[in-house]
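Novice: Return atomic coordinates for the entry below.
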Amino acid sequence: VHLEDTRGFLKITDLSSLPEDLSALVVFSHRTDIVVQCSIPVVCVIPRNIVVGIGCRRGCEGELLYQNLCQHLESLKIDIRAILKIGSIELKQSEPGLIALKNRLNVPFTVFSAQELKEYESHFPQSDFVQQTVGVGSVSQPAAWIMSHGHLLEPTLKQDGMTITLGVNQCCI
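Specialist: As a prediction, the model looks like this:
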């Protein structure tokens with residue numbers, strides 16, 4: 001159930017021309033590039049609505065996963081505090097690097113069976129190596145697709161033996 005009471009609030013879509021009679025401003029966004037310069041109090045609310053699909057080689061270090069994720073978030077101007085959950089293939093549910101990342105972010109780690117990911121893999125580029133290794137040609141993009149209900153943010157980061165795909169779970173906005 002989504003309840004919304006906007007009494008006393010005025011929705012503003014252009015921060016460059018604020019009405020003069022505002023007594024305070026509440027900014028609701030997962031973006032880091034929103035800068036408000038005004039003389040009234042400003043409260044920033046960061047919704048936890050970003051999902052992270054991850055594919056990685058066995059033994060991928062948690063610190064490297066974290067660094068690459070931070071780099072990717074920064075390139076897309078997304079606040080790390082907006083992460084709702086991470087997800088990968090069932091085969092990786094005990095992967096130490098992913099467990100370390102989940103713990104560091106303090107978010108749930110959702111895993112999907114190869115069959116669940118196969119339902120969506122045709123929408124994305126596939127890797128023969130990944131197909132032979134885990135039984136599905138793509139992991140990060142289908143995982144993010146499922147968790148975000150098809151609302152992916154481009155591009156997918158591919159480096160250091162890992163892929164990271166971000167999505168926006170609009171149910172949490």
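Novice: Please compute how far the helix or strand of the chain with the lowest mean pLDDT lies from its chain's middle.
Specialist: When the helices and strands of the chain are compared on mean pLDDT, DSSP states H and E, helix 128-134 comes out lowest with a mean of 84. In terms of Cα atoms, centre = their mean, to the nearest Å, the centre of helix 128-134 is set 24 Å apart from its chain centre.
Novice: Dump the C-alpha coordinates for the helix or strand following that helix into CSV.
Specialist: The element immediately downstream of helix 128-134 (helix or strand, assigned by DSSP states H and E) is helix 140-148. Extracted in CSV, the C-alpha atoms of helix 140-148 (Å, rounded to 0.1, in the frame of the first residue of the first chain):
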residue,chain,number,x,y,z
SER,A,140,24.5,-9.0,-13.6
GLN,A,141,22.1,-7.6,-16.1
PRO,A,142,19.3,-10.2,-15.7
ALA,A,143,19.7,-10.0,-11.9
ALA,A,144,19.4,-6.2,-11.9
TRP,A,145,16.5,-6.5,-14.4
ILE,A,146,14.6,-8.8,-12.1
MET,A,147,15.2,-6.7,-9.0
SER,A,148,14.4,-3.4,-10.7
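Novice: So which elements touch helix 140-148?
Specialist: strand 50-56, strand 83-89, strand 109-112, helix 114-121, strand 152-159, strand 162-168 (3 or more Cβ pairs under 8 Å, 6 or more residues apart in numbering; DSSP states H and E). Using the backbone N, CA and C atoms, a C-beta is placed for each residue, glycine as well.
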